[in-house]
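Participant: Mind folding the following:
(2 chains)
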Amino acid sequence: GENVEQHPSTLSVQEGDSAVIKCTYSDSASNYFPWYKQELGKGPQLIIDIRSNVGEKKDQRIAVTLNKTAKHFSLHITETQPEDSAVYFCAASFSRGANSKLTFGKGITLSVRP
Amino acid sequence: DAGVTQSPTHLIKTRGQQVTLRCSPKSGHDTVSWYQQALGQGPQFIFQYYEEEERQRGNFPDRFSGHQFPNYSSELNVNALLLGDSALYLCASSLGGSAFFGQGTRLTVV
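Facilitator: Numbers count the residues shown, from 1 in each chain, chains lettered A, B, ... in the order given. Okay, here's the model as predicted:
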């Protein structure tokens, strides 16, 4: 089955700097790659996702890039703010119609220092 | 739009007991998935329901079962609770695409 690895496990950046979080996946059939932000005591919040027919997607300060050949994808956050501090999860799935089981990485704790 | 709602938010049960968790999907979403999230880990897929049938299942024992109702809401049942079942249980709903999660039910087994 699919295996998703996320690294590093923790990341600390200065407010205003950029943060990059990388994930690798094992199943070349995976075609859907979402990123979730989880704050303490809350459920994961979808922040951006990308499908395998697209190499890059951007939404304001957040962007995701996908390299299908190397089987890795990355989350880029620019101009980080203290409220970006949270645990970020990447996930992968082979999405086909209603079937979309997500396999998650272990998460990375992002700390933005004011 | 209320989003995905789960109940209860917290629950304490004794080993060997049974528990039922509930989920109402985001308006218009017809697919519900359940995940278990242990402390410090990513969510693990339990199973997915679509058209009132279990469509996919992860590596969880038969003690974990579910149901989807005609209004797309869903229940997760866990029998013969073990201490290791203590976790955050997350429900996610989707409509053939992106999955949106509820706030979860924190289950503690003592």
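Participant: A:E5 against A:G105, yeah?
Facilitator: Yes. Counting by C-beta atoms under 8 Å, A:E5 does reach A:G105; the two are 6.1 Å apart. (Glycine included, C-beta is placed from N, CA and C.)
Participant: Which of those two has more residues huddled nearby?
Facilitator: A:G105 (25 against 13; other C-beta atoms under 10 Å in any protein chain shown).
Participant: Show the contacting residues for that one.
Facilitator: Neighbouring residues of A:G105 by C-beta atoms under 8 Å, 6 or more residues apart in numbering or on different chains: A:4-6, A:23, A:89-91, B:42.
Participant: burial count for residue 82?
Facilitator: Defaulting to chain A. Neighbourhood size, A:P82 [other C-beta under 10 Å]: 10.
Participant: Let me rephrase: I mean chain B.
Facilitator: Using other C-beta under 10 Å, B:L82 has 12 neighbouring residues.
Participant: With B:T14 as the reference, measure out to it.
Facilitator: 11 Å (C-beta to C-beta, to the nearest Å).
Participant: Same question for A:I50.
Facilitator: For A:I50, the distance to B:T14 - C-beta to C-beta - is 44 Å.
Participant: Kindly report the same for B:G104.
Facilitator: Noted for B:G104: a distance of 21 Å to B:T14, by C-beta to C-beta.
Participant: More neighbours: these two, which one.
Facilitator: Taking other C-beta under 10 Å, B:G104 and B:T14 do not tie; B:G104 has more neighbours (25 against 8).
Participant: is it true that that one touches B:S7?
Facilitator: No. Between B:G104 and B:S7 there is no contact under C-beta under 8 Å: 10.7 Å.
Participant: any weak-confidence spans in chain B?
Facilitator: Along chain B, the model assigns pLDDT under 70 to residues B:1.
Participant: Quick one: neighbours of the residue of it found nearest chain A, just the number.
Facilitator: Closest approach of chain B to chain A (C-beta to the nearest C-beta) occurs at B:G42, with a separation of 3.3 Å. Residues near B:G42, counting by other C-beta under 10 Å, number 22.
Participant: For the nearest residue to it once chain neighbours are set aside, give me the pLDDT.
Facilitator: Distances taken as C-beta to C-beta, 6 or more residues apart in numbering or on different chains put A:F104 closest to B:G42, at 3.3 Å, once the chain neighbours are dropped. A:F104 is assigned 97 on the pLDDT scale.
Participant: Nothing else from me, thank you.
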